[in-house]
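Undergrad: no FASTA, just this:
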RNA sequence: GGCGCGUUCGUCUAGUGGUUAGGACACAGCCCUCUCAAGGCUGGCGCACGGGUUCGACUCCCGUACGCGCUACCA
């Protein structure tokens, strides 16, 4: 295998678009990393390019198979499919840094040969040319860094005394070898970029285009760290977020279609996405808005997709159903009410089993008075007369009963809801009755009398 | 400390010299209503500060403050 030598004649803009996501398997997928992956994916998809996954596992001690799986799972969940990388292959592999030692050795030898290296306490360091370096960033614009002072900008280390590699070196080598055309990454790398550029030059390689995106912050503007709630992408599937909703929200952090629209499908975003439309300022992650957006997605989602997302939550809660059609009817009436799928089981349990809990306060408030019991008895009697068991007819019967009893509709509705579901909040009562069926409805009402 | 980046409602944003500074989330109130984190309407809330440039600055320039990043034999 020979090294890929990028032609110095070809300008970067002529090269095919190849972007990469190069995470280090740390055990969790940071929400900011996920967004970086998303932006790289979007850019590649927009330009019919290639999106590459490369695992930066140079720090062996903390890299495990499980940690790696976390990354794969996160990307899969977000729908960010990669064209080259682990599980997928490709002609620029291997895609694990731990397997690319030979390549790094060759590149190091090249630098050595041209006198760019020196040893310092066993570590191999790169001798900076000590010049001013211009970073022409697609998001930040042109930035000049003055690297002439070794005190303020010490030479970077490429290799540790124990032989392991330092990020700056392998990252650059891999990007050259894999012919990456656009490096889209977090702004935390901006200050590293001039040093990387020195390496590209020393290796006589055309650098890729750079695009540094602002970081995702906490609501108070502080940096999101591992300990902050919400950084772990793995949390979102568990809590019942739809991947398309979170993905949409993430796109809006630092990027905007500029026409006030917010709910955009990924195809549309792919078309509109432009690196130079990415903001320069850090963006705070707003859990409230993310939550709202999930609600919007669940509301507008078709039932088939909703069921697909909902079923794992129902199964986990031990709920069973016999007919698919029944499941769909249940889901359709709670769908407009719920913003998080994790809440689903509690809302629908009474539709699948008679063994559902009663909220104490709700019982206390609506089912204990003699009036409530008397009203429920009357209601049950009236409903027994309803032939066509559909929401609208049930509603008519209930309202007529309320009138006959001289009480407000709510005086029947609230106790009835608690009687059939054990809860004071839920789907529309008439729809609940309809889906539950006449028999079960009457049975549960009478049980409280 | 040095270097770099940034600063429009609490938050995400639109805005590129002349706008009643627009939208969204959140918040408050009202309406609808059988509950609801559903829907409808209304409202409060913002250009960090100080200098310039200009007939005129949220928009351009400089400075200050504040925030963030880098400054590792972490990635």
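TA: That came through fine. This structure is a prediction, so every number in the text was calculated from the model and none was measured. Numbers count the residues shown, from 1 in each chain, chains lettered A, B, ... in the order given.
Undergrad: So which residues of chain A form strands?
TA: With DSSP state E, the ranges of strands along chain A come out as A:18-21, A:50-53, A:117-120, A:123-126, A:132-137, A:141-146, A:157-159, A:182-186, A:209-213, A:216-217, A:283-284.
Undergrad: looking at these, which is buried most?
TA: Highest mean neighbour count among the strands of chain A (mean count of other CB atoms under 10 Å): strand A:18-21, with a mean of 26. Every C-beta, even on glycine, is put in place using the N, C-alpha and C of the backbone.
Undergrad: Outline the domain layout of chain A.
TA: A:12-216, A:302-350, A:360-447 (automatic domain parsing).
Undergrad: Relative to residue A:280, which of the ones you listed is closest?
TA: domain A:12-216 (6.2 Å; CB to CB).
Undergrad: which residues in the stretch 251-400 of chain A form helices?
TA: Along the stretch 251-400 of chain A, counting by DSSP state H, counting those that start in this stretch, helices occupy A:266-272, A:287-300, A:303-316, A:324-334, A:344-352, A:360-366, A:370-384, A:391-405.
Undergrad: Ok, the stretch 51-200 of chain A next?
TA: A:65-78, A:101-113, A:167-177, A:193-202.
Undergrad: Now do the third one and helix A:193-202, the angle between them.
TA: Read it as helix A:167-177. On the basis of axes from the mean of the first three to the mean of the last three CA atoms, to 10 degrees, helix A:167-177 is oriented at 50 degrees to helix A:193-202.
Undergrad: Looking at helix A:167-177 now, give me its mean pLDDT.
TA: Helix A:167-177 carries an average pLDDT of 96.
Undergrad: How about the first one?
TA: Taken as a whole, helix A:65-78 has an average pLDDT of 94.
Undergrad: Now tabulate the strands of chain A in CSV and tack on distance to residue A:238 and mean pLDDT.
TA: Output for the strands of chain A, formatted as CSV (distance: least, CB to CB, whole Å; pLDDT from 0 to 100):
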stretch, distance to residue A:238, mean pLDDT
strand A:18-21, 22, 97
strand A:50-53, 23, 98
strand A:117-120, 47, 93
strand A:123-126, 42, 95
strand A:132-137, 36, 94
strand A:141-146, 40, 92
strand A:157-159, 40, 95
strand A:182-186, 25, 96
strand A:209-213, 26, 96
strand A:216-217, 20, 90
strand A:283-284, 23, 92
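Undergrad: Redo those strands as TSV? Include distance to residue A:376.
TA: As requested, those are exported to TSV (distance: least, CB to CB, whole Å):
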stretch	distance to residue A:376
strand A:18-21	59
strand A:50-53	60
strand A:117-120	84
strand A:123-126	80
strand A:132-137	69
strand A:141-146	70
strand A:157-159	77
strand A:182-186	60
strand A:209-213	59
strand A:216-217	52
strand A:283-284	50
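Undergrad: nearest to residue A:295, of those?
TA: Set against residue A:295 and scored by CB to CB, those come closest in strand A:283-284, at 20.0 Å.
Undergrad: Run me through the strand neighbours of the closest one, direction for each.
TA: strand A:216-217 (parallel) (DSSP bridges).
Undergrad: which residues are in contact with the strand it pairs with?
TA: A:31-32, A:35, A:223-224, A:253-254, A:282-285 (CB atoms under 8 Å, 6 or more residues apart in numbering).
Undergrad: Can I have the buried ones of those residues as a ChimeraX selection?
TA: Remark: buried members of the contacts of strand A:216-217, expressed as a ChimeraX selection using 16 or more other CB atoms under 10 Å:
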select /A:31,32,35,224,253,254,282,283,285
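Undergrad: How about stretch A:280-287 and RNA strand B, touching?
TA: Yes - using CB under 7 Å from any atom of the strand, stretch A:280-287 reaches RNA strand B at A:280-284, A:286.
Undergrad: average pLDDT for stretch A:369-388?
TA: For stretch A:369-388, the mean per-residue pLDDT is 90.
Undergrad: What residues of it count as buried?
TA: For stretch A:369-388, by 16+ other CB under 10 Å, it's A:372, A:375-376, A:378-380, A:382-383, A:386.
Undergrad: Have a look at chain A and report the helix or strand with the lowest mean pLDDT.
TA: helix A:360-366 (a mean of 87; mean pLDDT, DSSP states H and E).
Undergrad: What residues sit buried inside that one?
TA: Across helix A:360-366, burial judged by 16+ other CB under 10 Å covers A:362-363, A:366.
Undergrad: could you pick out which of those residues are near RNA strand B?
TA: Near RNA strand B, taking CB under 7 Å from any atom of the strand as the test, no member of the buried residues of helix A:360-366 is found.
Undergrad: Redo those residues as a markdown table? Include distance to residue A:152.
TA: Formatted as a markdown table, these follow (distance: CB to CB, whole Å):
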| residue | distance to residue A:152 |
| --- | --- |
| A:362 | 66 |
| A:363 | 70 |
| A:366 | 71 |
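Undergrad: for these, which one is nearest RNA strand B?
TA: Distance ranking of the buried residues of helix A:360-366 against RNA strand B, using CB to the nearest atom of the strand, places residue A:362 first at 9.1 Å.
Undergrad: That closest one and residue A:409, how far apart?
TA: 18 Å (CB to CB, to the nearest Å).
Undergrad: Output the contacting helices and strands for the least confident helix or strand of chain A.
TA: Under the contact criterion of 3 or more CB pairs under 8 Å, 6 or more residues apart in numbering; DSSP states H and E, helix A:360-366 touches helix A:409-421.
Undergrad: which ones are touching residue A:265?
TA: A:244, A:248.
Undergrad: State the pLDDT value of it.
TA: With respect to pLDDT, residue A:265 scores 93.
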